[in-house]
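[1] Structural data only, the sequence is not supplied:
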């Protein structure tokens, strides 16, 4: 099976708040650094990637953010219109549907339609031949996808539509998408997690749901923000000795020293707890589990992204 | 629960702020909203537990593909019915419910279907099946629906709703409206008119529209939609009326929204945007809960401290401790800065800072430890 960075479509999901966007951006950068023309697609109208690269927001336009690397913010509304124009091969007819209130009500709530057109757009960007000749082709499209439940729903949307629209253009395209995302040579589904109890549980759950509801396996799990293992067990014991004895009972050091040591010990305990959570992930998952370092800077900038991308290039 | 100290120091940012019981006052419905991963489920469970400990009969409702509330409550099974959670030494009662969106939808169809035949036709329709199973939209709609139902029944002093995890926190306000527009009577009339006279033989304007839609989507899809609306037709008024009452509950004076967030920049941005939306919608906005704030550290790195540390621990270990301290001080400062930034951006709403807890919170004991900071 091809490595994650050799596939055309890389779908990044995971629990909310684990850093999916950052990791998707780092995956995109790692892919571009390896020489592949890459686009990072953010879904659901979010646009943070251009900002990380210090570029102005560009919305529904593929915009270059680094060498061989573009970013794209996808909203279902624009994707729907593009899809309609393409289906009807007529701006006039597409416009007519768009102006129809009935049609807008139907499509605004038709189950899974937003997910389907979103998936259709990222699928299109992952094709060697783009739909429009003027669009540049990419080797890889990295998708910053919705969180677990919604992510699974998005990957499932082609099947959903294959079931409700048995024939016709929607059914035909849904079939293409479904085939593509379930082909391990073309598509990788990657989960981002944190080394904490609930994100680990949700990742295990995600693996099971992907298998059962979509028929895909996780290609890799990337554990974000893993603290450094700075202290050996002996060192931790030495610190505990300082921490547990107050000066009155023969402990050494003033209040400042003691707070510094207590702070170091608390950080050490968090790192140790994280290690046991990573171990639990490894025990519970078939997919390779890779760790990414905790970044100290308050906001992820280009430097931080380069650090993460270098880790990913080394490990994937 | 990890073995660390149970009660970390209160973060400096908290000084003198109200507790969550003050924010709730005598309200009967608390809706916890916020972006994913900020601890909404845990916070909702903690609030219900804390209010039960204060003598109320409180219920917490969550939607849960990942069994998150079960996790927080140390429970293994939750169904579409409320289950009582055993609380030691509590004067009130804690109840919890994990919402099954599909079953709630089916129950509604049951309620509003005029006869058995209509009910079966709707439940068997492929569009209905997908609609009631769809993660985006239906969950939010049904969460509001169940909340309304429980509130009507009046069996609880307080209902706490953990809003569904969605990419953007707005979904649960918009999705019910989208869904009720979908089943609204105008869509219905359109499809009734097309099916009565058969495909392609309808009035000129509608027929044109219909044939274009057919070209874009396929005839099966339209036929299923048409069947769906026909079967659903008799129930539309019931649903629409219900949706209006659910929406009224959101703006009711007995309801309050609590915004749950974290001190990270991305969550603050979402929280600010969400607060703006609450104001625009004229919804009752009670306050903000900021989870996982890193506790402030009084000690600052200094050459004197460095030499004390190396004197006490040796060069290598002393330097490591100094480095860790420097990092942790910087992180706590970022959080403190973000906290004041958040207060400013949210228009100085009552804000409760909850420190980062050592280890995960996933049982009643952990929730009560959390409540020392929340209440």
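    That came through fine. Computed from a prediction, not measured in an experiment: that's the story for all the values here. Residues are numbered from 1 along each chain as shown, chains lettered A, B, ... in the order given.
[2] For the most centrally placed residue in chain B, give its distance to chain A.
    Among the residues of chain B, the one closest to the centroid is residue B:163, at 1.6 Å (CA atoms, centre = their mean). In this view, residue B:163 and chain A are 12 Å apart by CB to the nearest CB, to the nearest Å. Every residue, glycine included, has its C-beta placed from N, CA and C.
[3] same question, residue B:338
    Distance from residue B:338 to chain A, by CB to the nearest CB: 8 Å.
[4] confidence score at that residue?
    Looking at residue B:338, its pLDDT stands at 93.
[5] Find the nearest non-adjacent residue to it, please.
    Closest residue to residue B:338 apart from its sequence neighbours, by CB to CB, 6 or more residues apart in numbering or on different chains: residue B:263 at 4.3 Å.
[6] quick one: contacts for the one you found?
    Residue B:263 is in contact with B:290, B:292-294, B:334-335, B:338-339, B:342, counting by CB atoms under 8 Å, 6 or more residues apart in numbering or on different chains.
[7] Could you see whether chain A lies near stretch B:313-333?
    Yes. Contact of stretch B:313-333 with chain A (CB under 8 Å from any CB of the partner chain) involves B:313, B:317, B:320-325, B:327-328, B:330-331.
[8] For the longest strand along chain B, which helices and strands make contact with it?
    When chain B is parsed with DSSP state E, its longest strand is strand B:285-293. Contacts defined by 3 or more CB pairs under 8 Å, 6 or more residues apart in numbering or on different chains; DSSP states H and E place strand B:285-293 against helix B:20-24, helix B:40-53, strand B:255-261, helix B:265-280, helix B:315-345, strand B:351-355.
[9] among those, which is nearest residue A:217?
    helix B:40-53 (27.6 Å; CB to CB).
[10] Which element is encountered next along the chain beyond that closest one?
    strand B:57-63 (DSSP states H and E).
[11] Could I get the average pLDDT for that next one?
    pLDDT averaged over strand B:57-63 gives 90.
[12] what do you get for stretch B:159-174?
    74.
[13] Leaving out sequence neighbours, find the closest residue to residue A:117.
    Nearest to residue A:117 is residue A:79, by CB to CB, 6+ apart, at 4.3 Å.
[14] now do residue B:235
    Residue nearest to residue B:235 in three dimensions, not counting chain neighbours: residue B:112, with 4.1 Å by CB to CB, 6+ apart.
[15] could you measure that neighbour against residue B:240, distance?
    10 Å (CB to CB, to the nearest Å).
[16] Please identify which of those two sits among more neighbours.
    A count of neighbours by other CB atoms under 10 Å in any protein chain shown puts residue B:112 above the other of residue B:112 and residue B:240, at 19 against 14.
[17] Could you double-check that that one sits in contact with residue B:238?
    Yes. With contact defined as CB atoms under 8 Å, residue B:112 reaches residue B:238; the gap is 3.7 Å.
[18] Pull the contacting residues for the residue lying farthest from the centre of chain B.
    Distance from the centre of chain B peaks at residue B:311, with 51.3 Å (CA atoms, centre = their mean). For residue B:311, the contacting residues are residue B:318, by CB under 8 Å, 6+ apart.
[19] again with the one 10 residues further on
    In this structure, residue B:321 makes contact with A:239, A:260-261, A:264, B:309, B:313, judged by CB under 8 Å, 6+ apart.
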